[in-house]
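Asker: 3D, please:
(one chain, ligands or ions: 1)
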Amino acid sequence: MLRNFFASIVWRNSGRKAFQSIYKEALRSKTYLKYIEKVHGRDSFCYNMLSKNQYEEFIAQIKSLENTKDKVALDIGCGPGLMAQALQEKYFKRVIGLDFCEKIFIDQSDKLVLVESNIEMMRLEKESFDFIYCIDSFYHLRNPKKALNKILNSLKKDGLFVLFYSFTGESKMAPMLKSWGVEGKVDIVDFTDDDLSFWKSSKQALNKFEQDFYNEACQRVFKAKKLECDKFLKYHENGDIHRKMLVLKRL
Ligand SMILES: C[S@@+](CC[C@H](N)C(=O)[O-])C[C@H]1O[C@@H](n2cnc3c(N)ncnc32)[C@H](O)[C@@H]1O
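Answerer: Just a heads-up that it's a prediction; the model follows:
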């Protein structure tokens, strides 16, 4: 337990620093926005692995809630908060975002609240959210089960939790949910083939935009994305990667 605690402190410092410096560059890069449009099929900032298809499926989950404008959502690992802001404006009464990179947070309002928080240590009030989402932030956790417990406890009855995650080998997520014994309905959608197309198009776009990234002195974003892209394409080549959307409806 003590080991987990210290490992979490180390990740908080090293992971936070790494994300913060990438975000600083990505947020000022016009080329990164062009890359997002080409690869993610969207015109607003994100730093994730959601293809256009996956994003549409995610929005369909939001739309499956009734009267979203009365609902409160929680974004776990929200980055600067731009996606939370866009979703709040379109769908929700209020969105709360949690991330440990508070230095890059955008301006807040009473409808958009961004909180510096380590997912490992976060405190969430019981049954307080209608919709919780976590897009590509549920990694590096020493004790994902504990985080999951807190998340699920903070979901209201009939609330939805949507998680996008990639993993190699066996996923522990579904068995974890079963062993938690939550009264809920779990759906898992496989996006592995879609993920391969996503990384292929990412590679093409990176080749196309490489010089533009360098021209605006944003090569760090380019290199980070290139590394990610090569890593995931290699996993796909070896047939050793899964991309899933997990949806839990609390009953
Ligand atoms: C790949 S980015 C995804 C960002 C955002 N969800 C999106 O879709 O654009 C992962 C995010 O998780 C945050 N993160 C990773 N580990 C975290 C932790 N233990 N506690 C809080 N935030 C964390 C990072 O700071 C980063 O903003």
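Asker: Tell me which residues of the helix or strand hosting L246 come out buried.
Answerer: Element membership for L246, per DSSP states H and E: strand 242-250. Residues of strand 242-250 classed as buried by neighbour count (16 or more other Cβ atoms under 10 Å): H242, R243, K244, M245, L246, V247, L248, K249, R250. All C-beta spots, glycine's among them, are computed from the backbone N, C-alpha and C.
Asker: residues contacting the spatially most central residue of the chain?
Answerer: Closest to where the C-alpha atoms of the chain average out (Cα atoms, centre = their mean) is I135, at 1.9 Å. By Cβ atoms under 8 Å, 6 or more residues apart in numbering, the contact set of I135 is C46, N48, L50, F58, D75, G77, M83, F164.
Asker: coming back round to it: which among the buried residues of strand 242-250 gets closest to E228?
Answerer: Lowest distance from E228 to the buried residues of strand 242-250 (Cβ to Cβ) belongs to R243, with 13.2 Å.
Asker: Now do that closest one against the ligand, distance only.
Answerer: To the ligand, R243 is 14 Å away according to Cβ to the nearest ligand atom, to the nearest Å.
Asker: again with F131
Answerer: 14 Å.
Asker: Run through the neighbouring helices and strands of the strand holding L246.
Answerer: With contacts defined as 3 or more Cβ pairs under 8 Å, 6 or more residues apart in numbering; DSSP states H and E, strand 242-250 has these neighbours: helix 52-63, strand 155-167, helix 173-180, strand 184-190, helix 192-215.
Asker: Out of the ones you listed, which is the most enclosed?
Answerer: strand 155-167 (a mean of 19; mean count of other Cβ atoms under 10 Å).
Asker: Just want the angle from that strand to helix 52-63.
Answerer: Counting by axes from the mean of the first three to the mean of the last three Cα atoms, to 10 degrees, strand 155-167 lies at 170 degrees to helix 52-63.
Asker: on that earlier part again, run through the bridge partners of the residue nearest to the centre of the chain.
Answerer: F164 (DSSP bridges).
Asker: Tell me the pLDDT of it.
Answerer: I135 is assigned 96 on the pLDDT scale.
Asker: and if you look at M173?
Answerer: The model's pLDDT for M173 equals 67.
Asker: Also D240?
Answerer: For D240, the pLDDT comes out at 86.
Asker: which residues touch it?
Answerer: Per Cβ under 8 Å, 6+ apart, neighbours of D240: T168, G169.
Asker: The strand holding L246: partners in the sheet, and parallel or antiparallel?
Answerer: Using DSSP bridges, strand 242-250 pairs in its sheet with strand 155-167 (antiparallel), strand 184-190 (antiparallel).
Asker: Out of those, flag the one nearest the ligand.
Answerer: Set against the ligand and scored by Cβ to the nearest ligand atom, the strands paired with strand 242-250 come closest in strand 155-167, at 8.2 Å.
Asker: any residues touching the closest one, and which ones?
Answerer: Here strand 155-167 has contacts from 48-50, 54, 58, 61, 64-65, 127-136, 138-139, 151-152, 171, 173, 195, 232, 241-251, using Cβ under 8 Å, 6+ apart.
Asker: and the stretch 51-200 of the chain, which residues reach the ligand?
Answerer: 77-79, 83, 99-101, 118-120, 135-137, 140 (Cβ under 6 Å from any ligand atom).
Asker: and S137, how many neighbours?
Answerer: 23 (other Cβ atoms under 10 Å).
Asker: what's E125 in contact with, if anything?
Answerer: S154.
Asker: For S64, the count of nearby residues, please.
Answerer: Neighbours of S64 (other Cβ under 10 Å): 12.
Asker: per-residue confidence for it?
Answerer: In this prediction S64 is given a pLDDT of 96.
Asker: Which residue comes closest to it once chain neighbours are left out?
Answerer: L160 (7.3 Å; Cβ to Cβ, 6 or more residues apart in numbering).
Asker: what's the pLDDT at the one you found?
Answerer: pLDDT at L160 comes out at 96.
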